[in-house]
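> Prediction below, plus the sequence it came from.
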Amino acid sequence: MKNLIAELLVKLAEKEEESKEFVAQIEALEIVVTALLRRMEQSEQHALITSIEAALHDARPKEVVSSHDTQLLQQYLEKLLTHPRS
């Protein structure tokens, strides 16, 4: 029983570390995208946002992804693209 608990704790620690790495990657990407958007002209920003929205719509697997997950992704994209970090 102790071995099982120890294995579960090790797996939990590994998952937590993976989660931290994903968060760091996402935050790094957000910083890069924000910096790129700030250097663009307003018309270029608008064209890029329109292109991203169209690509997202075309690439969306209709049956595989829940509507909640799709809405969540769209909300984060909108937040990132229309309200970059200050």
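All right, it came through fine.
> Look up how far L29 lies from E21.
13 Å (Cβ to Cβ, to the nearest Å). Just so you know, the C-beta spots here come from the backbone N, C-alpha and C atoms, and that holds for glycine as well.
> Compute the distance between the residue nearest the centre of the chain and I52, please.
In the chain, the C-alpha nearest the mean C-alpha coordinate belongs to I26, at 5.8 Å (Cα atoms, centre = their mean). Using Cβ to Cβ, we find I26 at a distance of 16 Å from I52.
> tell me, how many neighbours does Q74 end up with?
14 (other Cβ atoms under 10 Å).
> nope, D69 is what I was after
For D69, using other Cβ under 10 Å, the count is 10.
> Would you mind listing the outside residues contacting the host helix or strand of it?
If you go by DSSP states H and E, D69 is part of helix 67-82. The contact list for helix 67-82 (Cβ atoms under 8 Å, 6 or more residues apart in numbering) reads 30, 33-34, 37, 45, 48-49, 52-53, 56, 60.
> same question, stretch 17-24
Counting by Cβ under 8 Å, 6+ apart, no residue sits against stretch 17-24.
> list the buried ones in it?
Within stretch 17-24, no residue is scored as buried using 16 or more other Cβ atoms under 10 Å.
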